[in-house]
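Peer 1: here is my input, please return the structure:
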Amino acid sequence: MRMSTSRWPRRAAALALGLLLAPCVGEVGARVYPPDAGAALLYNAPAGTPPDMFRYDSAGRLVPNPGFDGHYEWLDHSVSVRFDSRGLRGPETLPPAPRWLSVGDSFVLARQVDEADTFMALASPGLGANLINAGMDGYATWDYLARYLALDPVVEAEAVLVTLFVGNDPAQDDGPSAIPRGGDPFARVPLAPHADTADNAFALFRIAHESPTPTEAFLFRHSALFAWWRVFDALAARDPLDQQRQARFRQELLPFSEEGASKVQRLAGATGNALDAFKRLASARGDRLLVAVAPASFALDAASTSATLHTFGLDASRPAPTSLHDAIVARARDQRIDTCDLRPALVAARQGGEEPYFRFEGHWNQAGHRAVAEALVRCFAGSTGATGW
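Peer 2: Numbering: from 1, shown residues only. Just a heads-up that it's a prediction; the model follows:
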């Protein structure tokens, strides 16, 4: 009996040690084995956005908050982000001409990497022009057009580079437009001016609806195990918002399966219509139009596509990772638009052992931006005609 009693302290110590080590082991495992490319969509990295990084303009469109200068931090990166008085990422003073305006969504804004590591900064020397970062999270092709029309007179750009994200731009282009599509195609469609009020409606919304506890905020920035928990909690779809997000993802992912083959040409046509308007408006302003077509991380290979389709309950047996991408590239080239297909460079990076996307979300890391910059220089340096590469 005395031997059994004497073992209790050791057993208690072993139990306590196990309880301490288990999260550490889990954290290491979560970092070695991140969620697949599809499950990572559910991580919802934008939830870590500082409340005052963006604001709503008077038309209800989310825009960069002019004058914002802050920090964006989460599991894979810690980055300083600043917007000038125009809502462009970068310093207040514009670089010298020639300047190209770079429009697109979060892949262009690239708040996951420092300014010097963005494809715009890396490609500028090789292109012989300074690329100005006018990206904005959540935008699609018609929104890019509105942003170009609003900023081109201010930037005095000689060209506009449109980076299309095939992951969801075509699906959004096929839906209701944020700007008018009819009427005079050469009419100016201004981006509504930023409100000058002190109150930031977006910040108030974030604080009211998505404000994490201090513990959640810490884990969001530092714990891969917490990232896994976020993925599986979202996959359970107990919250109506998670259910809506999953339904949207399924619709956007359908064209990446043979199950959704009938949607491919329609979506390519919707994006093509926006590019056609872009081409005419850029030509009327005397600007070159350049288009880069960017794949999603889950569409670089069939295995990643299958895993993503399976995650969202779609037919994973017949993945079609390139169908929509190839249709978008073909449509742009048929329209005689200078077009750069970024997929081969990103595939080559992954096959060469240098993963171009962040592990817990779908945006380009520093290696991805380098691959994109090199591809853009190969495509566009010294080009003058409307041809395709």
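Peer 1: would you map out the domains in this protein?
Peer 2: As assigned by automatic domain parsing, the chain contains the domains 1-33, 39-380.
Peer 1: quick check: mean pLDDT across the first one?
Peer 2: Mean pLDDT, computed over domain 1-33, is 59.
Peer 1: could you shift the numbering so residue one becomes 662, and keep it that way?
Peer 2: Yes, from this point I'll number from 662; that puts the last item at domain 662-694.
Peer 1: and the strands in the stretch 912-1050 of the chain?
Peer 2: 949-955, 999-1002 (DSSP state E, counting those that start in this stretch).
Peer 1: could you double-check that S918 lies in contact with T969?
Peer 2: No: the pair S918 / T969 is not scored as a contact, 9.5 Å apart, by CB atoms under 8 Å. All C-beta atoms are positioned from the backbone trio N, CA, C, and that covers glycine.
Peer 1: ok, back up a step: closest one to L736 among the strands of the stretch 912-1050 of the chain?
Peer 2: The minimum distance between L736 and the strands of the stretch 912-1050 of the chain falls on strand 949-955, with 22.6 Å, by CB to CB.
Peer 1: nearest spatial neighbour of I998, skipping sequence neighbours?
Peer 2: Nearest-residue entry for I998: V952, 5.3 Å, with adjacent residues in sequence omitted and distances by CB to CB, 6 or more residues apart in numbering.
Peer 1: for the residue nearest to P707 when sequence neighbours are not counted, what are its contacts?
Peer 2: Nearest residue to P707, sequence neighbours excluded (CB to CB, 6+ apart): D798, at 6.6 Å. When contacts are counted by CB atoms under 8 Å, 6 or more residues apart in numbering, D798 touches 707, 715, 723, 766-767, 770, 772.
Peer 1: what strand or helix carries D798?
Peer 2: Using DSSP states H and E, D798 sits in no helix or strand.
Peer 1: next, work out how far apart it and F826 are.
Peer 2: Per CB to CB, to the nearest Å, D798 is found 11 Å from F826.
Peer 1: need the residues touching each of the two.
Peer 2: With CB under 8 Å, 6+ apart, D798 and F826 have common neighbours D766.
Peer 1: where exactly do the helices run in the chain?
Peer 2: Remark: helices assigned in the chain by DSSP state H are 663-693, 767-770, 780-788, 802-816, 830-834, 862-871, 875-883, 885-897, 901-914, 922-945, 963-972, 984-995, 1004-1012, 1027-1041.
Peer 1: in terms of secondary structure, what does the fourth one contact?
Peer 2: Packing contacts for helix 802-816, counted by 3 or more CB pairs under 8 Å, 6 or more residues apart in numbering; DSSP states H and E, involve strand 760-764, strand 820-826, helix 830-834, helix 922-945.
Peer 1: for A957, find the nearest of those.
Peer 2: strand 820-826 (7.2 Å).
Peer 1: residues contacting the nearest residue to L975 once chain neighbours are set aside?
Peer 2: Residue nearest to L975 in three dimensions, not counting chain neighbours: S918, with 5.4 Å by CB to CB, 6+ apart. Applying CB under 8 Å, 6+ apart to S918 gives the contacts 966, 970, 975-977, 979-981.
Peer 1: and S918, what are its bridge partners?
Peer 2: With beta bridges defined as DSSP bridges, S918 has these partners: P980.
Peer 1: quick one: it from L1003, how far?
Peer 2: Per CB to CB, S918 is found 22 Å from L1003.
Peer 1: again with L703
Peer 2: Using CB to CB, L703 is found at 25 Å from L1003.
Peer 1: more neighbours: the two, which one.
Peer 2: Ranked by neighbour count (other CB atoms under 10 Å), L703 and L1003 place L1003 first, with 27 against 21.
Peer 1: isn't the more buried one right up against A1034?
Peer 2: No: contact criterion CB under 8 Å: L1003 and A1034 do not qualify, at 10.2 Å.
Peer 1: still on that earlier bit, any idea what the residue nearest to I998 is bridged to?
Peer 2: V823, T1000.
Peer 1: residues touching it, list them.
Peer 2: Listed by CB under 8 Å, 6+ apart, the contact set of V952 reads 822-825, 936, 993, 998-1001.
Peer 1: swap in L936?
Peer 2: For L936, the contact set (CB under 8 Å, 6+ apart) comprises 802, 823, 952, 992-993, 996, 998.
Peer 1: how about a cut-off of 7 Å?
Peer 2: 802, 952, 993, 996, 998 (CB atoms under 7 Å, 6 or more residues apart in numbering).
Peer 1: need the residues you listed in a markdown table (columns: distance to G1013).
Peer 2: As requested, the contacts of L936 are exported to a markdown table (distance: CB to CB, whole Å):
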| residue | distance to G1013 |
| --- | --- |
| T802 | 31 |
| V952 | 26 |
| A993 | 27 |
| Q996 | 33 |
| I998 | 29 |
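Peer 1: out of those, which is most surrounded?
Peer 2: Highest neighbour count within the contacts of L936, by other CB under 10 Å: A993, with 28 neighbours.
Peer 1: which residue comes closest to it once chain neighbours are left out?
Peer 2: T1000 (4.3 Å).
Peer 1: please report the distance of D798 from G921.
Peer 2: 25 Å.
Peer 1: hmm, back to that, now, which of the contacts of V952 sits nearest A1010?
Peer 2: Nearest to A1010 among those, counting by CB to CB, is C1001 at 15.4 Å.
Peer 1: need the contact list for that closest one.
Peer 2: Contacts for C1001 (CB under 7 Å, 6+ apart) come out as 953, 1036-1037, 1040-1041, 1050.
Peer 1: and the residues you listed, which are buried?
Peer 2: Neighbour counting by 16 or more other CB atoms under 10 Å classes 953, 1036-1037, 1040-1041 among the contacts of C1001 as buried.
Peer 1: just put these in CSV and tack on distance to A898.
Peer 2: CSV is the format used below for the buried ones among the contacts of C1001 (distance: CB to CB, whole Å):
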residue, distance to A898
A953, 34
A1036, 37
L1037, 39
C1040, 41
F1041, 43
